[in-house]
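Participant: All I have is the shape, not the residue letters:
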């Protein structure tokens, strides 16, 4: 199966509301298979965006960044209700600004997967680690732009 054939859910983020554009049935035990795509209204375009999935007092943050619109559903989620929301902030602003949404509920159904051993689930990186990774990627991109190719 090609990467583009993964399951995808699509949502519109309009001010502080999340509206479903396309919903899929979600089965548990998936790893890096279900994508969640967002379409943002103008109020969100310049914000640094983070998706939050909350289930049973556990919250998983997935960084979209400023230009990102898609993330993978956290593999740690298990059958039952999951609250999904977003928050965004303006990292360039002199004043504190945080946009938030009202959560929507996703329902994860039990899968028929039976493990033949303990297959480790890759953990969702914490928010701090994800932000550092984004900064490293941006710095590497800037460094490549500064280099003069081909060298003279």
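Facilitator: Yep, that arrived. Note that this is a predicted model, so its numbers are computed, not measured.
Participant: can you map out the strands along this protein?
Facilitator: Secondary structure of the chain (DSSP state E): strands at 7-14, 17-22, 26-27, 34-40, 48-55, 58-65, 70-72, 80-89, 98-100, 104-109.
Participant: To residue 123, which of those lies closest?
Facilitator: Across the strands of the chain, residue 123 has its closest neighbour in strand 58-65 (9.0 Å, Cβ to Cβ). For every residue, glycine as well, the C-beta is placed using N, CA and C.
Participant: what sits against residue 103?
Facilitator: 18, 54, 83-85 (Cβ atoms under 8 Å, 6 or more residues apart in numbering).
Participant: Max pairwise distance over those residues: which two?
Facilitator: 18 and 54, at 13.6 Å, using Cβ to Cβ across these.
Participant: For these two, list the residues in contact with both.
Facilitator: In contact with both residue 18 and residue 54: 84-85, 103, using Cβ under 8 Å, 6+ apart.
Participant: With pLDDT and distance to residue 22 as extra columns, can I get those in JSON lines?
Facilitator: As requested, those are exported to JSON lines (pLDDT from 0 to 100; distance: Cβ to Cβ, whole Å):
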{"residue": "84", "pLDDT": "98", "distance to residue 22": "14"}
{"residue": "85", "pLDDT": "98", "distance to residue 22": "18"}
{"residue": "103", "pLDDT": "98", "distance to residue 22": "18"}
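Participant: And the residues you listed, which is closest to residue 113?
Facilitator: residue 84 (22.4 Å).
Participant: and residue 129, which of the strands of the chain is closest to it?
Facilitator: Using Cβ to Cβ, these put strand 58-65 closest to residue 129, at 9.5 Å.
Participant: tell me which strands and helices that closest one is in contact with?
Facilitator: For strand 58-65, the packing partners by 3 or more Cβ pairs under 8 Å, 6 or more residues apart in numbering; DSSP states H and E come out as strand 48-55, strand 70-72, helix 127-146.
Participant: What is the least confident helix or strand in this protein?
Facilitator: helix 127-146 (a mean of 71; mean pLDDT, DSSP states H and E).
Participant: So for stretch 92-103, what gets flagged as buried?
Facilitator: Using 16 or more other Cβ atoms under 10 Å as the burial criterion, the residues of stretch 92-103 that qualify are 99, 101.
Participant: go on, stretch 20-40?
Facilitator: Buried, per 16+ other Cβ under 10 Å, within stretch 20-40: 26-27, 29-30, 34-36, 38, 40.
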